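>>> Quick one, structure for this:
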Amino acid sequence: MSQESSFSNALDAVIKARVPGCNGLIKAERLSGGASQETYRLTVSTNASEKLLAMRRAPGGEILERTAQHPGLEVEALLMQSARSVGVPEPEVFYVLTESDGLGDGFIMEWLEGEALGARIVKSPEFSEIRPKLAYECGRVLARIHNIDVDATGLRQKLWQISPEEFVEQTWERYRELPTPQPMIDYTARWLLDHLPTDYKPKLVHNDFRNGNFMLSTKGIVAVLDWELAHIGDSMRDLGWICTNSWRFGSDLPVGGFGEYEDLFQGYEEASGDSIDRDRVKFWEVFGSFWWSVGCLGMAEHYRNGPDKTVERPAIARRSSECQVDCVNLLIPGKVDLVAAAPGFSSIDMPSVDELLGSVRDFLRQDIMTETEGRLNFLSRVASNSLDIVLRELSLGPGHHAKEHERLASLFDSDEDIMALRWRLVTGLREKSIDLDNLELREHLLQTVVNQIAIDQPKYTGFKRALGHSG
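Residues are numbered from 1 along each chain as shown. Here you go, the predicted structure:
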């Protein structure tokens with residue numbers, strides 16, 4: 001029997017035995033190929049006709065080891081059931097798989113229709129009427145999540161509890177294990193540790209509630225998705241995360257690219273009865289950019305040392321500078337001097353290097369992308385965008401690095417090379433021998449990070465916002 005047949009037979013048996021009103025499996029379609037979880041759309045037979053179900057499953061149908069930080073899909077199902085019981089929009093969970101089912105970790109749930117792509121939620125005319133109300137609705141949904149009783153539901157024993165200080169230190173440690181000096185990340189870590197929230201009551205935290213992780217219809221939120229990072233901690237983590245610039249999808253509106261802070265806060269306060277501490281929300285907004293800047297760099301490490309060497313990983317790694325410029329805008333905004341572009345990078349022979357790179361980029365965009373669809377089309381776009389970064393690096397990089405070296409040499413009164421001085425700077429920040437209020441340091445970080453994003457992604461809203469401070 002083939003692996004596919006074995007999977008279908010096992011799933012058919014579970015549906016017949018465990019899902020009320022269902023007579024068997026007609027078809028199972030895998031919808032995502034992510035490394036985190038598998039998602040399937042199941043067509044099943046009923047006495048009346050057919051209906052759709054959904055299944056979340058561990059990659060490859062594995063039985064995963066449970067840890068405090070990764071409690072597994074059984075706990076994710078419990079989180080969704082607990083949220084649904086207090087009015088959070090969620091699909092009904094019909095059955096949680098057991099090892100004897102032969103399908104690995106997972107659960108079967110109600111199929112819901114809606115939009116989950118953040119860019120479409122921000123830009124599609126279909127949602128023009130709901131968008132002005134959405135930040136308020138998000139506030140109300142988060143209030144319900146945070147008020148879930150973790151003792152009555154049994155979640156306290158199944159989830160890890162983490163303080164803001166531990167969260168910052170854990171994230172900073174992940175970055176320090178990477179072989180790259182990124183001074184703005186160290187600066188932000190220091191700032192976060194100097195501004196830790198202390199007056200909070202630990203509550204259930206979704207930990208990934210943002211535009212793109214809930215399903216939306218024209219009437220409102222249909223379901224909250226992706227609970228696998230949930231923990232017990234400071235609830236304002238969720239409000240700061242949905243406001244993080246990375247999840248605004250090109251919009252200037254601070255809440256998910258669709259709403260204002262005050263609407264989010266009003267919805268939350270009305271539903272929870274608690275007052276919002278704006279400083280705590282800012283802390284977690286800064287933390288969100290800090291956390292994701294480290295996550296992006298981790299993609300480069302995966303590319304170098306992991307088995308999945310897709311073109312997507314190094315491209316995501318370069319997005320770390322997007323998060324770093326968001327930290328600059330929140331912590332040290334100021335006037336920026338952009339370096340001038342150098343003439344096209346040339347070599348001895350024709351064609352020039354930039355012409356060769358440009359021809360490959362145009363081939364990907366004009367030939368490959370027009371003839372492909374799906375993931376290959378997406379990866380072709382990613383590859384062409386990476387070549388754009390290389391072309392900008394050839395044009396802007398020499399001047400940018402010369403200025404960076406000049407500032408570092410002045411800061412340390414040293415003639416060491418640029419990498420030695422970068423390491424000297426991050427070491428000083430880590431050892432706290434350099435004061436965060438040092439004006440020369442702040443000016444250096446401002447100029448360096450903003451000029452780097454001019455290379456990596458000049459269309460990013462954080463770059464435009466940084467230049468706005470200069471006017």
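
>>> How about residues contacting stretch 429-446?
176, 183-184, 186-187, 190-191, 194, 328, 332-334, 336, 404, 407-408, 410-411, 425, 428 (C-beta atoms under 8 Å, 6 or more residues apart in numbering). Any C-beta I mention is one placed from the backbone N, CA and C, and that applies to glycine too.

>>> Which helix or which strand is home to residue 45?
strand 38-46 (DSSP states H and E).

>>> And residue 288, by the same measure?
Residue 288 belongs to helix 278-305, assigned by DSSP H and E.

>>> Same question for residue 429.
helix 418-430.

>>> Could you do residue 29 as well?
Going by DSSP H and E, residue 29 is in strand 22-30.

>>> Quick check: buried residues in that strand?
Under the neighbour-count criterion of 16 or more other C-beta atoms under 10 Å, strand 22-30 has 22, 25, 28 buried.

>>> can you give me the strands for the stretch 201-350 of the chain?
For the stretch 201-350 of the chain, the strands defined by DSSP state E, counting those that start in this stretch cover 203-205, 214-217, 220-224, 231-233.

>>> how about JSON lines for those, with distance to residue 113 added?
Formatted as JSON lines, these follow (distance: least, C-beta to C-beta, whole Å):
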{"stretch": "strand 203-205", "distance to residue 113": "27"}
{"stretch": "strand 214-217", "distance to residue 113": "7"}
{"stretch": "strand 220-224", "distance to residue 113": "7"}
{"stretch": "strand 231-233", "distance to residue 113": "30"}
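
>>> export those strands to CSV and tack on mean pLDDT and distance to residue 110?
Shown next, in CSV, are the strands of the stretch 201-350 of the chain (pLDDT from 0 to 100; distance: least, C-beta to C-beta, whole Å):
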stretch, mean pLDDT, distance to residue 110
strand 203-205, 98, 22
strand 214-217, 96, 12
strand 220-224, 97, 9
strand 231-233, 97, 26
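
>>> For residue 44, which of these is the nearest?
strand 220-224 (19.4 Å; C-beta to C-beta).

>>> Please spell out which residues along the closest one are buried.
In terms of neighbour count (16+ other C-beta under 10 Å), strand 220-224 has its buried residues at 221-224.

>>> Which neighbouring elements make contact with it?
The contact analysis (3 or more C-beta pairs under 8 Å, 6 or more residues apart in numbering; DSSP states H and E) places strand 220-224 against helix 131-146, strand 214-217.

>>> which residues are contacting it?
So strand 220-224 is in contact with 80, 83, 88-91, 112-114, 130, 133-134, 137-138, 141, 145, 206, 209, 213-216, going by C-beta under 8 Å, 6+ apart.

>>> Each with direction, which strands does it pair with?
Counting by DSSP bridges, the strands paired with strand 220-224 are strand 214-217 (antiparallel).

>>> Centre of the chain to the strand it pairs with, how far?
17 Å (C-alpha atoms, centre = their mean, to the nearest Å).

>>> What is the neighbour count of the spatially closest residue to residue 184 that is not a sequence neighbour?
For residue 184, ignoring the flanking residues on the chain, the nearest one in space by C-beta to C-beta, 6 or more residues apart in numbering is residue 324 at 4.4 Å. By the criterion of other C-beta atoms under 10 Å, residue 324 has 29 neighbours.

>>> just residue 297 next, same as before
Residue 297 has 21 neighbours, counted by other C-beta under 10 Å.

>>> buried set for the helix holding residue 288?
Neighbour counts over helix 278-305 (16+ other C-beta under 10 Å) mark 280-303 as buried.

>>> Filter the contacts of strand 220-224 down to the buried ones, PyMOL style.
Buried residues within those, by 16+ other C-beta under 10 Å, are selected in PyMOL with:
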select buried, resi 80+83+88+89+90+91+112+114+130+134+137+138+141+145+206+209+213+214+215+216
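
>>> Distance check, the most centrally placed residue in the chain against residue 256.
Among the residues of the chain, the one closest to the centroid is residue 292, at 6.1 Å (C-alpha atoms, centre = their mean). Plainly put, residue 292 is 15 Å away from residue 256 if you go by C-beta to C-beta, to the nearest Å.

>>> Residue 61 too?
For residue 61 relative to residue 256 (C-beta to C-beta), the value is 34 Å.

>>> Who has more neighbours out of those two?
Set side by side, residue 61 and residue 256 show more neighbours around residue 256, with 28 against 18, by other C-beta under 10 Å.

>>> That one reaches residue 248, doesn't it?
Yes: assessed by C-beta atoms under 8 Å, residue 256 is found in contact with residue 248 at 6.5 Å.

>>> residues shared between the contacts of these two?
Joint contacts of residue 256 and residue 248 (C-beta under 8 Å, 6+ apart) are 122, 211.

>>> Can you tell me the SS state at residue 13?
Secondary structure for residue 13, judged by DSSP: H, G, I helix; E, B strand; the rest coil, is helix.

>>> Run a quick neighbour tally on it.
15.

>>> what's residue 325 in contact with, if anything?
Neighbours of residue 325 in contact, by C-beta under 8 Å, 6+ apart: 449-450, 452-453, 460, 462-463, 466.

>>> go with 10 Å
Contacts of residue 325 were listed using C-beta atoms under 10 Å, 6 or more residues apart in numbering, and they are 184, 245, 289, 293, 446, 449-454, 456-457, 460-466.

>>> Over to residue 226: give its phi and psi.
Residue 226 adopts backbone torsions of phi 50, psi 70, taken as degrees, to the nearest 10.

>>> what do you get for residue 113?
Torsion angles, degrees, to the nearest 10, at residue 113: phi -100, psi 140.

>>> sorry, back to before: ok, and for the helix holding residue 429, which residues are buried?
In helix 418-430, counting by 16+ other C-beta under 10 Å, buried: 421-422, 424-426, 428-429.
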